[in-house]
Structures are given as C-alpha cells and as structure tokens.
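J.: build me a structure from this.
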Amino acid sequence: MSEYEMNYPAICEEVGLGCEECTTSSAREVARVCKGLRGKAVAQLFVQIHSYPACARMHGHFSAAYRAASEEIPRKGAVPEIGLVIAAVA
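T.: Next comes the predicted model:
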C-alpha cells in the first residue's frame, strides 16, 4: 500500500468527509441490513469496514451510531440497498 493510501483521515478530509460523518453513515447502513447486532458483532464489523489504524479511534462513535440507527429502523420490511453494505465490507 502506498504512503498516500495510508494517509487517513487526510485523504477523507480532502474530499470533504469527516470521521464522524463517515462512521455514522456506515453504521446506519449496517443497521439497515443487520439490525439488532450485539456489541462484539458491531465491533467486528467496524474493524472490517474501517480497517485503517487512523479509523480505530472512531470505534465508540460507530457503535453508538449503530445502536441509535438500529432503534430507529423498523424491524419489518425488505432492505432494497443491501449491495451498499456488501460493497463497503468487501
């Protein structure tokens, strides 16, 4: 991996994406697809999605955003955009 590719969060900030916005957005998408996960599963998903060391400090924010989003989303109904989360994890 090049030095540029490892320059997080600077490369995110260059395109106007802050850490809070990024982790909140990804947590909401995960909650849409995987509602009701427990702490350890949420933590594992965070590490898989945000694998750069600079992102590690946002673990608590991601978890809180996931819990909040999970409570907001109704249990019933299909999730039409499952591909977004699958692509994010891949």
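J.: by mean pLDDT, flag the weakest helix or strand of the chain.
T.: helix 82-89 (a mean of 54; mean pLDDT, DSSP states H and E).
J.: could you look up the SS state of the residue nearest the centre of the chain?
T.: Centroid-nearest residue in the chain: residue 26, 3.0 Å away (criterion: C-alpha atoms, centre = their mean). Three-state call for residue 26 (DSSP: H, G, I helix; E, B strand; the rest coil): helix.
J.: what's near enough to touch residue 9?
T.: 18-19, 54-55 (C-beta atoms under 8 Å, 6 or more residues apart in numbering). Just so you know, the C-beta spots here come from the backbone N, C-alpha and C atoms, and that holds for glycine as well.
J.: contacting residues around the residue nearest to residue 55 when sequence neighbours are not counted?
T.: Closest residue to residue 55 apart from its sequence neighbours, by C-beta to C-beta, 6 or more residues apart in numbering: residue 8 at 6.3 Å. Residues in contact with residue 8 (C-beta under 8 Å, 6+ apart) are 52-55.
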